[in-house]
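In: sequence unknown, structure follows:
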């Protein structure tokens, strides 16, 4: 995807922010975490490996009709952010020191989490085709 339409990006950014804000108050995040979120957003919205695009294109039309691609992209980015935040906190809590944290191998954690998050979001969207309460909860968390 790499070259992202500004309108598409604005929709994905707003949805991502709305969803993430339901769990983590985004306006109260420390600057370092806000920068991390922005970096994650940029990486996942650009979709250089076309992972998201291929996954979206493989969805049944009935699932694609539930929301726009940009909305679902924003939902996925927020889900990945929340999973990454949770794992980062677990790593920080389990390490006795920053040195120990730096010495442990965490390479590839982000990629695995992003992939896992995408699979989870796809599963939920497919299920929402026949599960009205799930679809309604999607819409609720995506709203401002």
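Out: On my side now, so go ahead. Note that this is a predicted model, so its numbers are computed, not measured.

In: every contact and neighbour count from this point should use C-alpha atoms.
Out: Noted.

In: and residue 40, how far from residue 125?
Out: As judged by C-alpha to C-alpha, to the nearest Å, residue 40 and residue 125 stand 22 Å apart.

In: of the two, who's got more company?
Out: More crowded of residue 40 and residue 125, by other C-alpha atoms under 10 Å: residue 125, with 22 against 18.

In: chain neighbours aside, what residue packs nearest to that one?
Out: residue 63 (6.2 Å; C-alpha to C-alpha, 6 or more residues apart in numbering).

In: can you check residue 81 too?
Out: Spatial nearest neighbour of residue 81, chain neighbours left out: residue 37 (6.8 Å); criterion: C-alpha to C-alpha, 6+ apart.

In: again with residue 40
Out: According to C-alpha to C-alpha, 6+ apart, the nearest residue to residue 40 is residue 81 (7.3 Å).

In: so who does that neighbour touch?
Out: 20, 37, 40 (C-alpha atoms under 8 Å, 6 or more residues apart in numbering).

In: now the residues you listed as TSV including pLDDT, secondary structure and distance to residue 13?
Out: Putting the contacts of residue 81 into TSV (pLDDT from 0 to 100; DSSP: H, G, I helix; E, B strand; the rest coil; distance: C-alpha to C-alpha, whole Å) gives the following:
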residue	pLDDT	secondary structure	distance to residue 13
20	90	helix	10
37	87	helix	11
40	90	helix	11
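
In: ok so, going back, for the residue nearest to residue 81, grab the count of nearby residues.
Out: 23.

In: roughly how far does it sit from residue 12?
Out: 13 Å.

In: tell me which helix or strand of this protein sits lowest on mean pLDDT?
Out: helix 98-103 (a mean of 55; mean pLDDT, DSSP states H and E).

In: could you identify the helix or strand that succeeds that helix?
Out: helix 109-128 (DSSP states H and E).

In: and that next one, what's buried?
Out: Using 16 or more other C-alpha atoms under 10 Å as the test for burial, helix 109-128 gives 110, 113-114, 117-118, 121-122, 124-126, 128.

In: repeat that for stretch 63-73.
Out: So stretch 63-73, judged by 16+ other C-alpha under 10 Å, has buried residues 63-64, 66, 69-73.
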